[in-house]
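Chemist: Requesting a structural model of the entry that follows:
(one chain, ligands or ions: 2)
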Amino acid sequence: MVDKKLTGAGLRGQSAGQTKLCTVGKSGSGLTYCGYDVSDLADNATFEEVAYLLFNSELPNESQLADYLSSLKGLRDLPQALKEVLKLIPADTHPMDVMRTACSFLGNLEPEVEFTQQIQASNRLLAAFPAIMCFWYRYSHEGVEIDCQTDQNSTAGHFLKLLTSKSPSALHKKVMDVSLILYAEHEFNASTFTARVCASTLSDMYSCVAGAIGSLRGPLHGGANEAAMDMIQKFSSPEDAKKQMAEMLARKEKIMGFGHAIYRASDPRNVIIKKWSEQLSKEYGDTSLYDISVACEEYMWDSKKLFCNADFFHASAYHFMGIPTKLFTPIFVCSRVTGWAAHVMEQRQNNRIIRPSADYIGSEPRVVTPISER
Ligand SMILES: CC(=O)SCCNC(=O)CCNC(=O)[C@H](O)C(C)(C)COP(=O)(O)OP(=O)(O)OC[C@H]1O[C@@H](n2cnc3c(N)ncnc32)[C@H](O)[C@@H]1OP(=O)(O)O
Ligand SMILES: O=C([O-])CC(=O)C(=O)O
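Modeler: Numbers count the residues shown, from 1 in each chain. Ligands and ions are numbered 1, 2, ... in the order given. From the prediction side, this is the model:
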């Protein structure tokens with residue numbers, strides 16, 4: 001078998017362009033958005049401030065934030081035609097396919113005709129995704145046709161209220177807000193790179209985001225938070241987790257929520273969401289899933305020197321907030337749309353079509369044998 005590390009598989013370690021938006025693992029483990037450390041943003045900013053930062057390169061002042069919040073609120077409702085499409089999508093559809101379809105259909109109804117509309121299209125998607133996800137989920141699973149507007153100012157509160165029709169607690173709103181900040185941007189990860197490749201052909205914002213959703217869907221990327229949840233729910237205790245993980249590793253299975261393409265020692269988002277997961281587990285009144293998650297973390301580090309990435313403790317945190325597992329990866333979309341859109345805009349500022357080369361390893365030149373002689 002060809003050694004993937006020697007053949008440059010996955011473009012690992014190669015620069016594929018420049019960005020002002022983000023650094024990942026620059027000093028081994030750090031993560032910054034436009035120069036701000038992600039932990040600083042998680043402690044001292046809101047998701048909408050981060051979205052504004054990614055779209056405008058600077059954090060908003062109070063009046064800019066108030067205007068931004070109010071404009072996002074005005075963009076939350078869904079066109080009736082999109083609601084009708086969502087009502088047609090079966091309950092057993094993968095929710096990421098719902099997000100991809102809805103993104104594409106919104107692009108049919110409200111196309112980005114000129115690049116001057118790029119901020120408008122980005123904010124529209126950002127404001128509409130929580131309603132897209134919840135409208136489809138609640139209609140197909142509960143038979144309820146929800147109102148896509150809520151009284152919540154934040155995206156976090158808006159999503160949580162759409163999901164249950166109840167006003168979320170301050171703790172749940174805070175954790176969801178932090179989660180959206182942690183997932184917002186991550187340099188040239190697979191889905192963002194997909195968006196940039198699409199943007200480099202001078203395609204429209206909706207096509208770039210729809211493509212990115214398709215890339216995020218896979219379990220090696222955003223789909224890992226859902227896969228991690230499915231895994232930890234199968235473990236009955238910390239001891240059982242260690243036993244089953246040893247068996248999985250012996251079968252050479254990938255353990256979802258562990259490892260990273262860029263970070264080598266830790267993912268800086270993990271310590272933040274882990275802390276919130278612990279707090280939520282106490283509020284939930286049963287810490288066993290958190291304890292199992294900690295046992296997984298210890299086992300993977302001790303046995304393979306593999307650490308939790310952003311997805312692992314998101315699984316238990318979302319679970320403690322009562323969020324259905326199948327919505328875990330779509331929540332990632334609601335956040336990462338900010339990073340995708342910011343990268344599309346950056347790509348357009350200094351564009352050249354992205355078109356690498358391949359090393360040919362196929363057959364030598366040959367001629368077609370007539371079909372009757374093959
Ligand atoms: C928000 C996000 O998208 S974060 C990523 C979410 N994805 C996951 O959690 C899926 C599980 N993790 C993985 O599959 C990988 O770690 C990836 C895709 C994230 C990174 O892949 P790579 O860059 O190829 O990993 P890397 O080169 O560090 O792998 C080194 C070795 O560790 C192994 N390894 C890496 N992660 C894992 C894992 N989670 N479980 C078991 N083994 C692993 C690899 O198989 C490889 O072994 P090998 O040398 O025998 O082939
Ligand atoms: O950077 C990556 O390869 C994956 C990741 O953590 C992210 O997109 O958040």
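
Chemist: Might you name the residue of the stretch 201-350 of the chain sitting closest to ligand 2?
Modeler: At 4.4 Å from ligand 2, Ala261 is the closest residue in the stretch 201-350 of the chain, using Cβ to the nearest ligand atom. For the C-beta atoms, the positions are set from N, CA and C on the backbone; glycine is no exception.

Chemist: Counting neighbours, what do you get for the residue lying closest to that residue once chain neighbours are set aside?
Modeler: Distances taken as Cβ to Cβ, 6 or more residues apart in numbering put Arg12 closest to Ala261, at 6.5 Å, once the chain neighbours are dropped. Counted with other Cβ atoms under 10 Å, the neighbours of Arg12 add up to 10.

Chemist: Over to Arg12: give its phi and psi.
Modeler: Note on Arg12: its backbone torsions stand at phi -60, psi 130 [degrees, to the nearest 10].

Chemist: Quickly note the distance from the residue of the stretch 201-350 of the chain closest to ligand 2 to Phe115.
Modeler: 31 Å (Cβ to Cβ, to the nearest Å).

Chemist: Might you report the residue contacts of the residue in the stretch 201-350 of the chain that ligand 1 sits nearest to?
Modeler: With Cβ to the nearest ligand atom, the shortest gap between the stretch 201-350 of the chain and ligand 1 falls at Gly259, namely 2.4 Å. With contact set as Cβ atoms under 8 Å, 6 or more residues apart in numbering, Gly259 has these partners: 306-307, 309.

Chemist: cool, and Phe258?
Modeler: By Cβ under 8 Å, 6+ apart, the contact set of Phe258 is 300, 304, 306-309, 312.

Chemist: could those residues be laid out in a markdown table, adding neighbour count and distance to Asn108?
Modeler: Formatted as a markdown table, these follow (neighbours: other Cβ atoms under 10 Å; distance: Cβ to Cβ, whole Å):
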| residue | neighbour count | distance to Asn108 |
| --- | --- | --- |
| Met300 | 21 | 44 |
| Lys304 | 13 | 46 |
| Leu306 | 18 | 43 |
| Phe307 | 20 | 42 |
| Cys308 | 27 | 40 |
| Asn309 | 22 | 35 |
| Phe312 | 30 | 37 |
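
Chemist: Sitting in strands, which of those residues do you find?
Modeler: Using DSSP state E to define strands, no part of the contacts of Phe258 is located there.

Chemist: which one of those residues sits closest to Val271?
Modeler: Closest approach to Val271 among these (Cβ to Cβ): Cys308, at 9.1 Å.

Chemist: Next up, phi/psi of the residue nearest to that closest one when sequence neighbours are not counted, please.
Modeler: When the adjacent residues along the chain are set aside, Cys308 lies closest to Asn270, with 4.5 Å between them (Cβ to Cβ, 6+ apart). With angles defined as degrees, to the nearest 10, Asn270 sits at phi -70, psi -50.

Chemist: What about Asn270, how many residues nearby?
Modeler: 24.

Chemist: Equivalent analysis for Ala199, please.
Modeler: 28.

Chemist: how near is it to ligand 2?
Modeler: 17 Å (Cβ to the nearest ligand atom, to the nearest Å).

Chemist: just checking, that residue touches Cys208?
Modeler: Yes: Ala199 is within contact range of Cys208, at 5.0 Å (criterion: Cβ atoms under 8 Å).

Chemist: Show residues contacting the helix or strand containing Thr101.
Modeler: In this assignment (DSSP states H and E), Thr101 forms part of helix 95-109. Residues from elsewhere that reach helix 95-109 (Cβ under 8 Å, 6+ apart): 79, 81-82, 85-86, 89, 124-125, 128-129, 132-133, 136-137, 204-207, 209-210, 213-214, 216-217, 222-223, 326-327, 329-330, 333.

Chemist: if we can go back for a sec, please name the residues that touch the residue of the stretch 201-350 of the chain closest to ligand 2.
Modeler: Ala261 touches 10, 12, 189, counting by Cβ under 8 Å, 6+ apart.

Chemist: any chance of the residues you listed in CSV, plus pLDDT?
Modeler: Output for those, formatted as CSV (pLDDT from 0 to 100):
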residue, pLDDT
Gly10, 90
Arg12, 89
Asn189, 98
